[in-house]
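Engineer: Sequence below, structure please.
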Amino acid sequence: MKITWYGHSAFRLEIKEAVLLIDPFISGNETCPVSAKEAGRGATHILLSHGHSDHFGDTVEIAKDTGAMVIANFEVTTYAESKGVKQTKGMNPGGEIDLNAFRVAMTHAIHSSSAGEDGKPIYLGAPAGLVVMAKSEPTLYHAGDTEIFSDMTLIEEFYRPQIGCIPVGDIFTMGARKAAVAVNRYFNFESVIPIHYATFPMLDQTPDKFLSEMKDSKTNVLAMKPGETIDVQAWSRSSAMRGAA
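Structural biologist: You can find the predicted model right below:
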């Protein structure tokens, strides 16, 4: 698995037989060093945690350009279809879908989900976390936008993810302290990638608070730079640098 972080909550995952984008907020994301076209090159699937514009992002343009299937809650996929997306799979928290190259599970998250058109919000269903499972690959949990919640322990029990992508920027999601408690109390990740910071002025501008809260943790913190790629096959726990920037 190759993992590329584009800043905020946007990722590209390259696995055998599939290229996945998660929450592809690219063109409106000033921290992202690439274009939506480059980020979406070869994409086969787009996974969305919820409908807010900083997560739905460039979904429509990328899906139309690549033919990628959009996977999200039912309301979000219906919204994407209304914008001209041809291939979708709707689901909701609690469900799993087998897509041959990988399985995806949708989990609980505490947040909201909507799109704004003509100054009015459009309700877009329940927010979610996403678990990506592929044969011979580490299981990855993308928490989406969320508050800490004790049922995270059930996500660990059912899926045992090795890699976590956890929001740390505060205001709209967990801040550093709660994110660190979530990681250390509820999960046994090998590595955690802090996300959802620096993109907007009101958010924490660095992951430093989270790194400080995690300084005594057994979990490796991979603070990636926007546009950086990690090749998981070439990476090992012994060589990972806790707090690498």
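Engineer: any chance you could map the helices in the protein?
Structural biologist: 36-39, 53-56, 59-66, 74-82, 152-159, 176-186, 208-213 (DSSP state H).
Engineer: Farthest from the middle of this protein: give me that residue.
Structural biologist: Distance from the C-alpha centroid of the chain peaks at residue 118, with 27.8 Å (CA atoms, centre = their mean).
Engineer: where's it relative to residue 80, distance?
Structural biologist: Residue 118 sits 19 Å away from residue 80, going by CB to CB, to the nearest Å. For every residue, glycine as well, the C-beta is placed using N, CA and C.
Engineer: ditto for residue 206
Structural biologist: Counting by CB to CB, the gap from residue 206 to residue 80 is 33 Å.
Engineer: One more: residue 115?
Structural biologist: From residue 115 to residue 80 the distance is 10 Å (CB to CB).
Engineer: so what's in contact with these two at the same time?
Structural biologist: residue 56 (CB atoms under 8 Å, 6 or more residues apart in numbering).
Engineer: Mind checking which of the two has more residues around it?
Structural biologist: Using other CB atoms under 10 Å, the more surrounded residue of residue 115 and residue 80 is residue 80, with 25 against 18.
Engineer: ok, residue 150 touching residue 186?
Structural biologist: Yes - with contacts counted by CB atoms under 8 Å, residue 150 reaches residue 186, the gap being 7.4 Å.
Engineer: ok, these two, which is more surrounded?
Structural biologist: residue 186 (19 against 9).
Engineer: For that one, which non-adjacent residue is spatially closest?
Structural biologist: Nearest residue to residue 186 in three dimensions, chain neighbours excluded: residue 152, at 3.9 Å (CB to CB, 6 or more residues apart in numbering).
Engineer: And for that neighbour, the neighbour number?
Structural biologist: Quick note: residue 152 (other CB under 10 Å) scores 24 neighbours.
Engineer: now do residue 38
Structural biologist: Residue 38: 13 surrounding residues under other CB under 10 Å.
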